[in-house]
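Student: Predicted coordinates and the sequence they were generated for:
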Amino acid sequence: MRIGIYGGAFDPFHNGHLSMIRGAIKSKKVDRVLVIPTGMPCFKPARKVTLSPYRFYMVKAALKDEPKCEVCDIEQVFGEKSYTVETLKNLRKEKVVSDKDELFLMCGSDLLFEFESWYLPEEILAQAKLLCALRPGIDEGQARNQAAHLEEIFGTKVKFFQIDGVEVASSAIRSRADWSSEKGIPDAVREFIKCHDLYCEDAPLLHVSDEMYQTLMKHCFTLFRELSGKRLLHSMNVCVLATRYAMRFGADPDKCALAALLHDCAKELPEKVQIDLAAKIIHGYIPGKQILHSPAGAVYAREHYGVEDQEVLDAIQFHTVGREVMTITDKIVYLADKLEPARDYDDLTEIRRCAETDLDAAMIECYLAIKESFGKKGMEIHEDTKKSLAYIRAHRGEKGGEA
Ligand SMILES: [Fe+2]
Ligand SMILES: [Fe+2]
């Protein structure tokens, strides 16, 4: 089979990308297209690239019903720097493609002029041929001359196909103040961006340190292997929102981002494993099923993700039911978990509004909402939640300290 390999950051995926995929299939130069969102960029990018699982699941959503096209997670699973030559080798090694398959690296004509400076171009061409898109408005003669030059020095054959899509730049889309009316992106991408509150103006993760951003990116690769897509997207949403709250309320954005990203890291481990992990810090009883992943997660974050900061581990441990005296990091992770943008249960508007200005007021609102919803089911809230509610109220001088 002839397979087009189409890699990119897709930050965000837009109609220009779609026209490449459709154009390649329509040209009949390939039988199907494998779309590969980049994992870790090879070079330190000029800006912080959107966390890779967001980009991966965005492309999946955009191409859900696209025929002869598949989104490949190879760069999410490996998590190393995404050199094209390594990705091509891994595709064969992991049997994503067979040895009999012929690979074509899809590119725009601008890439022909940069190709010689890529990492190990000869080895790339030993794995795949170049398949170059000719877009209306480009200088076709120049592109063909450059292709002839590459053919001569590398002994390869460059193929071309025509596309009719208009030029769209991801950077232009990112900088839109209001992308909801943006015509350059597929509807599924617009929905995805809206649901996960991406490309917003305040871009909270810009406020974490470069070192922490690298750490978050690295952990995303491990989480990708260990969590379902839905839970990983939830964890990243909590991470972004917690960082926003950290900036708003003067907490440490690095600590909040890390604790938030990892808060559910143990949730999909087998129950027995979670019990054994939790038993390392909780003695004498086993927490209920809904709470178990919190202490288990604190231990797992330390042992598996190398987190040593006790404030971060505590925020993970107490994110489900709280504790009597909560740190600002605890409160931020707790609230971000309940209020992240993809949460659609109950009416969160009032609590979200409180969290704009007053962290403790938002905590009280949140506890009371949980108390009410538990009450309707004839259940009591957890003892630690009661204690936390009473403590915050007492601290604010409100009545009802007994919760
Ligand atoms: Fe949780
Ligand atoms: Fe959660």
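Tutor: Thanks, I have it. Ligands and ions are numbered 1, 2, ... in the order given.
Student: Residue of the stretch 301-403 of the chain nearest ligand 2, please.
Tutor: Relative to ligand 2, the nearest point of the stretch 301-403 of the chain is Asp337 (4.4 Å; Cβ to the ion). Every C-beta, even on glycine, is put in place using the N, C-alpha and C of the backbone.
Student: Look up how far Ser109 lies from that residue.
Tutor: 47 Å (Cβ to Cβ, to the nearest Å).
Student: So if I had to pick from those two, which one is more boxed in?
Tutor: Between Asp337 and Ser109, Asp337 has the larger neighbour count (other Cβ atoms under 10 Å), namely 22 against 19.
Student: Which strands or helices does the helix or strand harbouring the more buried one pack on?
Tutor: Using DSSP states H and E, Asp337 falls within helix 328-339. Packed against helix 328-339 by the contact rule (3 or more Cβ pairs under 8 Å, 6 or more residues apart in numbering; DSSP states H and E) you find helix 229-249, helix 253-262, helix 310-317, helix 349-354, helix 359-376.
Student: of all those helices, which gets the most neighbours per residue?
Tutor: helix 253-262 (a mean of 28; mean count of other Cβ atoms under 10 Å).
Student: That helix vs ligand 2: in contact?
Tutor: No - between helix 253-262 and ligand 2, judged by Cβ under 5 Å from the ion, nothing touches; the nearest distance is 8.8 Å.
Student: Quick check: which helices or strands does that helix pack against?
Tutor: Counting contacts by 3+ Cβ pairs under 8 Å, 6+ apart, helix 253-262 packs against helix 210-226, helix 229-249, helix 289-305, helix 310-317, helix 328-339.
Student: try 6 Å this time
Tutor: Using 3 or more Cβ pairs under 6 Å, 6 or more residues apart in numbering; DSSP states H and E as the contact test, the elements touching helix 253-262 are helix 210-226, helix 229-249, helix 310-317, helix 328-339.
Student: chain center to the second one, what's the gap?
Tutor: What it means is helix 229-249. 11 Å (Cα atoms, centre = their mean, to the nearest Å).
Student: residues near Thr156, how many?
Tutor: Based on other Cβ under 10 Å, the number of other residues close to Thr156 is 17.
Student: next one: the one 4 residues further on
Tutor: For Phe160, the tally of surrounding residues (other Cβ under 10 Å) stands at 16.
Student: Just the pLDDT at Thr50, thanks.
Tutor: At Thr50, the model reports a pLDDT of 90.
Student: Let me fix that, I meant to ask about Pro287.
Tutor: Looking at Pro287, its pLDDT reads 87.
Student: ditto for the one 10 residues further on
Tutor: Model confidence at Gly297, expressed as pLDDT, equals 98.
Student: which residue packs closest to it, ignoring adjacent ones?
Tutor: Take Gly297 and drop its neighbours on the chain: the residue closest to it by Cβ to Cβ, 6 or more residues apart in numbering is Ala266, 4.0 Å away.
Student: was I right about that neighbour contacting Ala296?
Tutor: Yes - counting by Cβ atoms under 6 Å, Ala266 does reach Ala296; the two are 4.1 Å apart.
Student: Which neighbours do these two have in common?
Tutor: Counting by Cβ atoms under 6 Å, 6 or more residues apart in numbering, the common neighbours of Ala266 and Ala296 are Gln274.
Student: Looking at the two, which one has more neighbours?
Tutor: Ala296 (28 against 25).
Student: How about the contacts made by that one?
Tutor: Counted by Cβ under 6 Å, 6+ apart, Ala296 has contacts 266, 274, 277-278.
Student: Of those, which belong to helices?
Tutor: Using DSSP state H, 274, 277-278 are the members of those that sit in helices.
Student: where does the stretch 51-200 of the chain dip in pLDDT?
Tutor: For the stretch 51-200 of the chain, the stretches flagged by pLDDT under 70 are 165-168, 175-182.
Student: For burial, what's the neighbour tally of the closest residue to ligand 2 within it?
Tutor: Ranked by Cβ to the ion, the top residue of the stretch 51-200 of the chain for proximity to ligand 2 is His196, at 14.5 Å. His196: 21 surrounding residues under other Cβ under 10 Å.
Student: quick one: contacts for it?
Tutor: Applying Cβ under 6 Å, 6+ apart, the residues contacting His196 are Asn237.
Student: cutoff 8 Å now
Tutor: Going by Cβ atoms under 8 Å, 6 or more residues apart in numbering, His196 touches 54, 233, 236-237, 341-342.
Student: surely Trp118 meets Thr84?
Tutor: Yes - Trp118 is in contact with Thr84 according to Cβ atoms under 8 Å; the separation is 6.8 Å.
Student: which residues do the two both contact?
Tutor: Counting by Cβ under 8 Å, 6+ apart, the shared contacts of Trp118 and Thr84 are Ile124.
Student: So these two - more neighbours on which side?
Tutor: Using other Cβ under 10 Å as the criterion, Trp118 and Thr84 rank with Thr84 on top: 21 against 14.
Student: Now that one. Nearest residue, chain neighbours left out?
Tutor: Excluding the flanking residues, the one nearest Thr84 by Cβ to Cβ, 6+ apart is Ile124, at 5.6 Å.
Student: Also Arg244?
Tutor: Distances taken as Cβ to Cβ, 6+ apart put Pro204 closest to Arg244, at 4.1 Å, once the chain neighbours are dropped.
Student: what's the one you found in contact with, if anything?
Tutor: Counting by Cβ under 8 Å, 6+ apart, Pro204 has contacts 240-241, 243-244, 246-247, 253.
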